[in-house]
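A.B. asks: just to be clear, the model below is a prediction. Sequence and coordinates:
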Amino acid sequence: MNNIFVESEFAPLKRVVMAQSEVAFPVKIDPEEVKFLAEEESDLYSGKDISGKNYKDVFPDKQKMWEEERENLKKVLEKYHVEVTVPRLLTDYEKELGKEDGYSNFFVRDPFFTIGHFLIEGSLRFPHRRNEVLPVRDILVTESNKNECLYLSIPKPDISKGPKSEDGPFLEGGDILVLNKTIFVGRSGLASNENGIKWLERLVGHYGYEVVEVPLHPTILHLDCALSLVREGLMIVCEDALLEGIPKQLKDWDKINVTLEDASKLATNGLPINENVYITDREFKFIGEELEKRGMTVEYVDYKISRSFGGAFRCSTQPLFRSND
């Protein structure tokens, strides 16, 4: 039996990689790299000596809470018989390499992604995230050796115009939503770019997939911060974040609307376990109540610390196997 396949965002989740809780601040913080955070979260760091420091050394109590959040998420996943794999921690050498720009090992959704039988290493825009795939690579190598899949990587970003060149190609997992043979890819200017989307289009187009670009509000980091496909015909969406409106493929779907302010707090970044069960934060009880009205079971996990970094449940996980078979 092949164990690498993602059919859709809500097909039963059977195997998943769940993130570690490691991050360090750059020596000099680039405002572009925090502008997507909710205002109260970006204010958290003002007035503190965080330059070049590991989060756990500046906020030890919050680090403990952060790790507990991830452990609580793991317990919910395992409650529904989801097999959970966790990447290794960063080595001292990897941390030393990231001393100037900062380093991260905290949102496994972005450095790689799964579309059908494709296992793809992405290309991240922010310098402190460019090596984030390394702690998970041994998992990808092992999985690709054991299973029938296509394991490949998008080209490394071009830096001929300097370290902040916009050429990319950039392609991040948080921007990619899978709906059978339709792949939605977000583009806000903060993560995936046109060159990355074209690369994906040319790859998967040969296998019958359609790639649909979704332009995003410039303060929205990824598509999954604006749109969640909960089950067939039902979505959670921030319409203000979708510059060209809801894609035509989803126009007739029932929708639970959230504001741009709620989107910035990660209201849409919940995680379907299947078409009947959805994980979200109690902060978004109003979403949970709407889902329950539609016959769904809602699992609540306090995820405040994770959300303070600009990601929540979907960002913390990357499926290896989602299938109705």
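C.D. replies: Thanks, I have the structure now. Numbering: from 1, shown residues only.

A.B. asks: only C-alpha atoms for contact and neighbour calcs from this point on.
C.D. replies: OK.

A.B. asks: where in the stretch 201-325 of the chain is pLDDT low?
C.D. replies: For the stretch 201-325 of the chain, applying pLDDT under 70 flags no range at all.

A.B. asks: now the strands for it?
C.D. replies: 210-215, 227-231, 234-237, 254-257, 271-272, 277-280, 297-300, 317-322 (DSSP state E, counting those that start in this stretch).

A.B. asks: what pairs with the first one, parallel or antiparallel?
C.D. replies: According to DSSP bridges, strand 210-215 has the following sheet partners: strand 182-187 (parallel).

A.B. asks: which parts of the stretch 201-325 of the chain are helices?
C.D. replies: For the stretch 201-325 of the chain, the helices defined by DSSP state H, counting those that start in this stretch cover 260-264, 285-293, 304-308.

A.B. asks: got those helices as JSON lines, with distance to A11 columns?
C.D. replies: Output for these, formatted as JSON lines (distance: least, Cα to Cα, whole Å):
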{"stretch": "helix 260-264", "distance to A11": "24"}
{"stretch": "helix 285-293", "distance to A11": "17"}
{"stretch": "helix 304-308", "distance to A11": "25"}
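
A.B. asks: mean neighbour count and distance to E275 added to the ones you listed, as a markdown table?
C.D. replies: A markdown table is the format used below for these (neighbours: other Cα atoms under 10 Å; distance: least, Cα to Cα, whole Å):
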| stretch | mean neighbour count | distance to E275 |
| --- | --- | --- |
| helix 260-264 | 20 | 22 |
| helix 285-293 | 16 | 11 |
| helix 304-308 | 21 | 24 |
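
A.B. asks: do you know which of those helices lies nearest E121?
C.D. replies: helix 304-308 (22.8 Å; Cα to Cα).

A.B. asks: mind giving me the packing neighbours of the closest one?
C.D. replies: helix 60-79 (3 or more Cα pairs under 8 Å, 6 or more residues apart in numbering; DSSP states H and E).

A.B. asks: using CSV, write down the CA coordinates of the helix it packs on.
C.D. replies: Listed next in CSV are the C-alpha coordinates belonging to helix 60-79 (Å, rounded to 0.1, in the frame of the first residue of the first chain):
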residue,chain,number,x,y,z
PRO,A,60,11.2,30.5,28.7
ASP,A,61,7.7,30.4,30.1
LYS,A,62,6.1,31.0,26.7
GLN,A,63,8.4,28.4,25.2
LYS,A,64,7.1,25.8,27.6
MET,A,65,3.5,26.8,26.7
TRP,A,66,4.3,26.6,23.0
GLU,A,67,5.6,23.0,23.4
GLU,A,68,2.5,22.1,25.4
GLU,A,69,0.3,23.4,22.6
ARG,A,70,2.0,21.2,20.1
GLU,A,71,1.8,18.2,22.4
ASN,A,72,-2.0,18.9,22.9
LEU,A,73,-2.4,19.0,19.1
LYS,A,74,-0.6,15.7,18.8
LYS,A,75,-3.0,14.1,21.3
VAL,A,76,-6.0,15.2,19.3
LEU,A,77,-4.5,13.8,16.1
GLU,A,78,-3.7,10.5,17.7
LYS,A,79,-7.2,10.4,19.2
